[in-house]
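Peer 1: sharing a model that was predicted from the sequence below.
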Amino acid sequence: CFLLGLVECPVEPRGRHGGVHGPRAWGVGRGPGPPSGRGGRGRNPGTLRAAFGARPARPPGPRMNEPGSVSAALVARIAEDIAAAGGWIGFERFMHAALYTPGLGYYARGELPFGRLPGPGGQGGDFVTAPELSPWFARALAAQVAQGLQAAQADEVYEFGAGSGALAAELLRALDARGVPVRRYTIVEVSGGLRARQRERLAAFGARVQWAEAMPAPMRGVVLGNEVLDAMPARLLAWDGAVWSERGVALHEGRFAFAARPTEARPPAPGPFVPGTVTEVQPQAAAFVATVAAQRERGLALFIDYGFPQDEYYHPQRSTGTLMCHRGHLADADPLSDVGLKDITVHVDFTAVALAAQDAGADVAGYTSQGRFLLNCGLAGLLADAPLRERADAHRLLAEHEMGELFKVIALTRGIDVELLGFAAGDRTHRL
């Protein structure tokens, strides 16, 4: 898998054999009801990463022979890969290169993409995540992390893809205040540039914070992944009404262009699918979750991200899939332009995540919206005496038209038996 170089990703996505089971799950599926959020291309325009109103599309990205362009080196590298592969590579490979090529990819240059507003000359952020938006995200999350640590009789937290280190810093302080101090907080981060920024931000915590470039094993305690799964490369599948094909990337007149090839791959849901459908499957995300589940000796894993259960993910109304790009707080659907200069994401299929975890021996202990999870963790009470500005920011974590509904939280346990407080009300595990 791209994140750790340790995960062997399956060629085909796993189907829904037998459904999701666990302490509070009752099989899969309630029929293909209407998708949550907006239909069509996944992301709700009201969410934090979405475009602010109707904006003109960005111009096409640099041509292969355009010298001096910011992403020219990355574009040339990918073009060489395409030529070496016979003129075509799968989109999964393209997305990996665009995001993670050392020193060139969007997440591999060490620049922080997080920020509340875009800045001049590209110096501002491309999007804002929950920990960057409000410290109350981590303060509420700390209640669930504390419960997980106590149930596992552990004092270690593992965070994958820690970004700027904002979540780690605030969570450590909040856990100390709760009387549940963490002895060791391990950040698994593949970007050397981001590791350097995290070290600077977290220096005050000394040796309590450590870094790893590979999956720690075994893990005992609480595992966290906030907006990690959506950035894992995905395969694109297209349905023309008769056959499925896989969308990949080729070169056409000096530019990247989509090109299709026959495939045996299929979405894990039975459909029906509208002719012209383009959607995604996420074997790397599933393989990563399975590896995390297998490496955990005892404890709780929480993954927080935007996405849907399978019946909603592959609903006919979502016929254009969920693939989206983000730059300067604008959203667009063209991953082949501005390569390396913008984020590329897909929404998470949480049913696939649950099944992968169960196959690896974990239990699905809860699944709900981010808004409900934070309220269950006591966010409303925590905000009682907060300044108005902080309460306004925290409200965006809860509001259905912001992050409260589109973002979900899934809990995976191993070796512990506890009713998790973050899912005490509004648990949706039965919908996976």
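Peer 2: Noted; the coordinates are in hand. Numbers count the residues shown, from 1 in each chain.
Peer 1: what about A98, which SS state?
Peer 2: State at A98, reduced to three classes by DSSP: H, G, I helix; E, B strand; the rest coil: helix.
Peer 1: any idea how many residues pack against it?
Peer 2: Residues within reach of A98, counting by other CB atoms under 10 Å, total 31. The C-beta positions use only the backbone N, C-alpha and C, and glycine is treated the same way.
Peer 1: can you pull the contacts of it?
Peer 2: Counting by CB atoms under 8 Å, 6 or more residues apart in numbering, A98 makes contact with 74, 78, 105-106, 335, 339-340, 344.
Peer 1: ok, and the closest non-adjacent residue to it?
Peer 2: Excluding its sequence neighbours, the residue lying closest to A98 (CB to CB, 6 or more residues apart in numbering) is V339, at 5.1 Å.
Peer 1: surely the one you found and A76 touch.
Peer 2: No: V339 lies out of contact with A76 (CB atoms under 8 Å); the separation is 10.3 Å.
Peer 1: and stretch 385-398, how far out from the chain's middle?
Peer 2: Computed by CA atoms, centre = their mean, to the nearest Å, the chain-centroid distance of stretch 385-398 equals 24 Å.
Peer 1: wait, I meant stretch 368-377
Peer 2: With CA atoms, centre = their mean, you get 18 Å for stretch 368-377.
Peer 1: which outside residues touch it?
Peer 2: By CB under 8 Å, 6+ apart, the surrounding residues in contact with stretch 368-377 are 130, 137, 140-141, 143-144, 304, 397-400, 403-405, 407-409, 421-428.
Peer 1: can you select the buried ones from these in ChimeraX?
Peer 2: One line in ChimeraX is enough to select the buried members of the contacts of stretch 368-377, burial here meaning 16 or more other CB atoms under 10 Å:
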select :130,137,140,141,143,144,304,397,398,403,404,405,407,408,409,421,422,423,427,428
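Peer 1: residue ranges of the helices in the chain, please?
Peer 2: Secondary structure of the chain, counting by DSSP state H: helices at 72-84, 91-100, 130-133, 136-152, 166-177, 192-201, 283-295, 310-313, 350-359, 370-376, 379-382, 388-398.
Peer 1: G90 contacts R235, doesn't it?
Peer 2: Yes: the pair G90 / R235 is scored as a contact, 6.2 Å apart, by CB under 8 Å.
Peer 1: what residues are shared contacts of these two?
Peer 2: Joint contacts of G90 and R235 (CB under 8 Å, 6+ apart) are E246.
Peer 1: of the two, who's got more company?
Peer 2: R235 (24 against 20).
Peer 1: hey, what's the more buried one bridged with?
Peer 2: With DSSP bridges as the criterion, R235 is bridged to V281.
Peer 1: roughly how far does it sit from P268?
Peer 2: From R235 across to P268, the span is 12 Å (CB to CB, to the nearest Å).
Peer 1: hmm, back to that, quick check: phi and psi on the residue nearest to A98?
Peer 2: For V339, the backbone dihedrals are phi -60, psi 130 (criterion: degrees, to the nearest 10).
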